[in-house]
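Colleague: okay, predicted coordinates and the sequence, questions at the end:
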Amino acid sequence: MKIDVRLYATLARFAPSGSSGRTFEVELSEGSTLGDLIHFLQLPIDEVKLHFVNAVHQELDFPLQNGDEVGIFPPIGGG
């Protein structure tokens, strides 16, 4: 199945070459979860804070579907 992914802020450095700051496509096995996607992308779990599937916050065990759009954010601070 094909998933559209966008990595935000400091996580953008893990995006494939040429796609930093843009959406890119990932092909995963049927039945893969959001956690499987994070593992596939080799994102350090301690740098992953928020994850959305089709603009809805989901947990890591959420099963992905073909065509889903995923956004992954690091911890965000400000002041």
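Modeller: Cool, got the structure. Residues are numbered from 1 along each chain as shown.
Colleague: residues in contact with Ile72?
Modeller: 5-8, 11, 38, 43, 48, 50-52 (CB atoms under 8 Å, 6 or more residues apart in numbering). C-betas here are computed from N, CA, C, even on glycine.
Colleague: in contact with Thr23, which residues are there?
Modeller: 4-6, 69.
Colleague: brain fart, Ala55
Modeller: 69, 71.
Colleague: what are the phi and psi values at it?
Modeller: Phi and psi for Ala55, reported as degrees, to the nearest 10, are phi 70, psi 20.
Colleague: follow-up on the earlier one: by neighbours, which of the contacts of Thr23 wins?
Modeller: Most neighbours among these, by other CB atoms under 10 Å: Val5, with 21 neighbours.
Colleague: surely Gln65 is in contact with Lys2?
Modeller: No - Gln65 is beyond contact range of Lys2, at 10.2 Å (criterion: CB atoms under 8 Å).
Colleague: hmm, back to that, quick check: PyMOL command selecting the buried ones in the contacts of Ile72.
Modeller: This is how PyMOL selects the buried members of the contacts of Ile72, with burial counted by 16 or more other CB atoms under 10 Å:
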select buried, resi 5+6+7+8+11+38+43+48+51+52
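Colleague: closest to Pro74 among the contacts of Ile72?
Modeller: Proximity of the contacts of Ile72 to Pro74 (CB to CB) peaks at Leu11, which lies at 5.2 Å.
Colleague: in which helix or strand does the spatially most central residue of the chain reside?
Modeller: With distances taken as CA atoms, centre = their mean, Ile72 lies nearest the centre of the chain, 4.3 Å away. Using DSSP states H and E, Ile72 sits within strand 69-73.
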